[in-house]
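> what's the 3D shape of this:
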Amino acid sequence: MAIPLRIQGYRRPSRPKRKRERVYDGIVPLTSRETELFVHPLYVRQQYNRPDGRLDVYMAGVYYGTVMMDFKYRPRHNFWEKDRINTIARTREMNQLIAYSDSRSNFLYGEDRPSSAAFQRLSPVAEVWALYPVKEGREERPTSSPDHSLRLIPLSPGGDNEHVVQEFERVLKQLLQDSAGFIEGLPKIGF
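Numbers count the residues shown, from 1 in each chain. I've put the predicted structure just below:
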């Protein structure tokens, strides 16, 4: 799997019917006033607003949610300590990753929703991914922190990273399932 080098704020659009907008190193707005459906569909409520990557998912012009990604260029134990997750002694990186999931959107599941105030309380972020390298010869599996919508995923250059593709497929299916109770009558389009 090749991951191309991109410049800050780079956006790569995809097919019109099922759109997955990829944003590299883009700034996420801090208020709802700064959002725009096909540019910045969500905003963060905490100080961290610059993930390394973002995948915004749309179908038939409706925003279904986002996967935020941060690339950690060091082993997992250097930025994530499982024993600190439910304490005030979290590392800066842990707070950053958890903060990304504290996002909101005026556009989640469409602009013409019956009660936008209720939808405003839902997080549009399906998961936050921390991608990190693993030493050659070592094998690690993705792990998660469900309370924080967080997934820690090994991704090593030159390695077999098929599990990352599987993670994308899984989270995209999850976005569709999550939307089922909110979106009626929209076409069911697979990824």
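> Every contact and neighbour count from this point should use C-alpha atoms.
Will do.
> Okay, now the unreliable bits of the protein?
1-18, 113-116, 184-191 (pLDDT under 70).
> what ranges do the helices span in it?
92-100, 116-120, 162-179 (DSSP state H).
> Could you name the helices and strands sitting against the last one?
The reference is to helix 162-179. The helices and strands touching helix 162-179, judged by 3 or more Cα pairs under 8 Å, 6 or more residues apart in numbering; DSSP states H and E, are strand 62-71, strand 125-132.
> among those, which is nearest Phe182?
Set against Phe182 and scored by Cα to Cα, these come closest in strand 62-71, at 10.1 Å.
> Need the residues that contact the closest one.
37, 41, 51-58, 97, 100, 107-111, 124-132, 175-176, 179 (Cα atoms under 8 Å, 6 or more residues apart in numbering).
> For the helices and strands packed on helix 162-179, give me CSV that also has distance to Asp147.
Below are the helices and strands packed on helix 162-179 laid out as CSV (distance: least, Cα to Cα, whole Å):
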stretch, distance to Asp147
strand 62-71, 16
strand 125-132, 11
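> Now distance to Pro146 and mean neighbour count too, for those strands, in CSV please.
Formatted as CSV, the helices and strands packed on helix 162-179 follow (distance: least, Cα to Cα, whole Å; neighbours: other Cα atoms under 10 Å):
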stretch, distance to Pro146, mean neighbour count
strand 62-71, 14, 24
strand 125-132, 9, 24
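> quick one: which of these is nearest Ala89?
The minimum distance between Ala89 and those falls on strand 125-132, with 19.1 Å, by Cα to Cα.
> Quick check: the residue nearest the centre of the chain vs His163, distance?
Computing the C-alpha centroid of the chain and ranking residues by Cα atoms, centre = their mean puts Val67 first, at 1.6 Å. Distance, Val67 to His163, by Cα to Cα, to the nearest Å: 16 Å.
> One more: Ser32?
Separation of Ser32 from His163 (Cα to Cα): 34 Å.
> So between the two, which is more surrounded?
Ser32 (17 against 14; other Cα atoms under 10 Å).
> Give the closest residue to that one in space, chain neighbours not counted.
Distances taken as Cα to Cα, 6 or more residues apart in numbering place Tyr43 nearest to Ser32, at 6.1 Å, with adjacent residues excluded.
> now Asp52
Of all residues not flanking Asp52 in the chain, Asp25 sits nearest, at 4.3 Å (Cα to Cα, 6+ apart).
> how close does the one you found get to Leu37?
Asp25 is 18 Å from Leu37, by Cα to Cα.
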